[in-house]
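Asks: Please work out how this folds:
(2 chains)
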Amino acid sequence: MLELIKKNKKTKQRSGQLTTRNGVIQTPFFMPIATKGAVKSLAPEDLKALGAQIILGNTYHLWLRPGTEIIKKAGDLHKFMNWPGPILTDSGGYQVFSLGEKIKKGFVKLSDEGVEFRDPIDGQKYWLTPEKSVEIQLALGSDIIMVLDECPPYPASREQVERAVKRTTEWAARCKKYFDKKVSKKKNRPLLFGIVQGGVHKDLRQQSAQELLAIGFDGYAIGGVAVGEPRKYLKTVLEAVLPLLPQDKPRYLMGLGKPEEIVAAVEAGIDMFDCVIPTREARHGKLYIKNSGAKGFYKTINILNSKFAKDFTPLDKSCGCYSCANFTRAYLHHLFKVGEPLSLRLATIHNLKFYLGLMEGLRK
RNA sequence: GUGGUCGUAGCUCAACGGCAGAGCUCUCGGUUGUGGUCCGAGCGGUUGUGGGUUCGAAUCCCAUCGACCACC
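Replies: This next block holds a predicted model:
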């Protein structure tokens, strides 16, 4: 499944090829986020031109709208959105976390059986279980399916984290059982990934990893590391978990991160990333610029700043993406100021190129 | 020409005798498995002008300038 081609002797960094039923992906890699069936503001042609190998879709959002019936009628999510390449789907587990406030207020009910959500738009109730999550992801035609997990908030008491680890393991086992029942022995089967929880506690992280390893998955994700905890714990978590994971299975660090965090995680032995940073920040005018100085390998600019109004240079002279090859900072500044939708596309293309280029460099 | 309404931040307006405020704009931050065109902070005033009444006036009175409305 994961064929390692290169390993760094000094660090734990590795590169290789991950085979999915929809194509081979060079690792390590970054997945642009297409929550509701589109990388916001981009068309599949843009993603291809950028060299995106795989994108991430979201079970929760696509379940609510348009729903699995419509996507099934289209064939699957690939056909529906005209993206033939690999797709990883998140399970809806993160929503269990992000709806935390509403859980406290009783709007959302969380139990061992599953989670009861309410559609924020029309108020309709939805009942998400580990089995249901896998069922939806199979219906979407996902190539990498994530188990439903419980991602505790930070800060959380040790008892809360212990409960989340226990529930995550139980849910992972139920996902695996349901998955095997539905796709066992089938050729062209998608991959199923487990998710390690355990907060900032080294022993709970290791316990979680070992319980998942006993069940057996095609890959292992580390979740709950982008939920507000201080960054210093990232190193602790990676050092605790990664040595336990098999070399021939991909490791996925969920939700990260800033460029320097990704570099550090790759050096620690991570193969897969997803993050809203490049796309979301692009839509708010924050652009990533390569830097060769002593202050780090990149900097960011806010294209909305007035100093760019008369700056007729490319966004980044050394970039060469579609936006940099054809437009100036002054033009993009103007597009943002007047709210032209093209601003979102040009900025998103540029930031994704920065992230995807970063990954390309890390593979060499 | 006569009568009336109204002039407060760049814009739209609030405060109607007791510390001149809000939204937008503007300037600058933030965003980590996307419920996000979002969130936060800051700049910005001789209340059209000139007098008067009052302990105190954006607020009441007089004059004046300007805008708008109605009637001649």
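Asks: From RNA strand B, how far off is the residue most central in space within chain A?
Replies: Here the mean C-alpha position of chain A is nearest to the C-alpha of A:Asp274 (Cα atoms, centre = their mean), at a distance of 2.9 Å. A:Asp274 sits 5 Å away from RNA strand B when distances are taken as Cβ to the nearest atom of the strand, to the nearest Å. Quick note: C-beta positions are derived from backbone N, CA and C, even for glycine.
Asks: which residue packs closest to that residue, ignoring adjacent ones?
Replies: Nearest residue to A:Asp274, sequence neighbours excluded (Cβ to Cβ, 6 or more residues apart in numbering): A:Met31, at 4.2 Å.
Asks: all helices of the stretch 201-350 of chain A, in order?
Replies: Ranges of helices in the stretch 201-350 of chain A, per DSSP state H, counting those that start in this stretch, are A:202-215, A:232-241, A:259-268, A:277-283, A:322-326, A:329-338, A:342-363.
Asks: Of all the ones you listed, which one is nearest A:Asp180?
Replies: A:Asp180 lies closest to helix A:202-215 among the helices of the stretch 201-350 of chain A, at 10.4 Å (Cβ to Cβ).
Asks: Give me the residues contacting that closest one.
Replies: The contact list for helix A:202-215 (Cβ atoms under 8 Å, 6 or more residues apart in numbering) reads A:158, A:161-162, A:165, A:168-169, A:172-173, A:176, A:194-199, A:220, A:236-237, A:240-241, A:244-246.
Asks: still on that earlier bit, can you list the helices of the stretch 201-350 of chain A in a markdown table and add mean neighbour count and mean pLDDT?
Replies: Shown next, in a markdown table, are those (neighbours: other Cβ atoms under 10 Å; pLDDT from 0 to 100):
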| stretch | mean neighbour count | mean pLDDT |
| --- | --- | --- |
| helix A:202-215 | 19 | 98 |
| helix A:232-241 | 18 | 94 |
| helix A:259-268 | 19 | 96 |
| helix A:277-283 | 20 | 97 |
| helix A:322-326 | 17 | 96 |
| helix A:329-338 | 18 | 95 |
| helix A:342-363 | 21 | 97 |
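Asks: Select, out of those, the one closest to RNA strand B.
Replies: RNA strand B lies closest, by Cβ to the nearest atom of the strand, to one member of those: helix A:277-283, at 3.3 Å.
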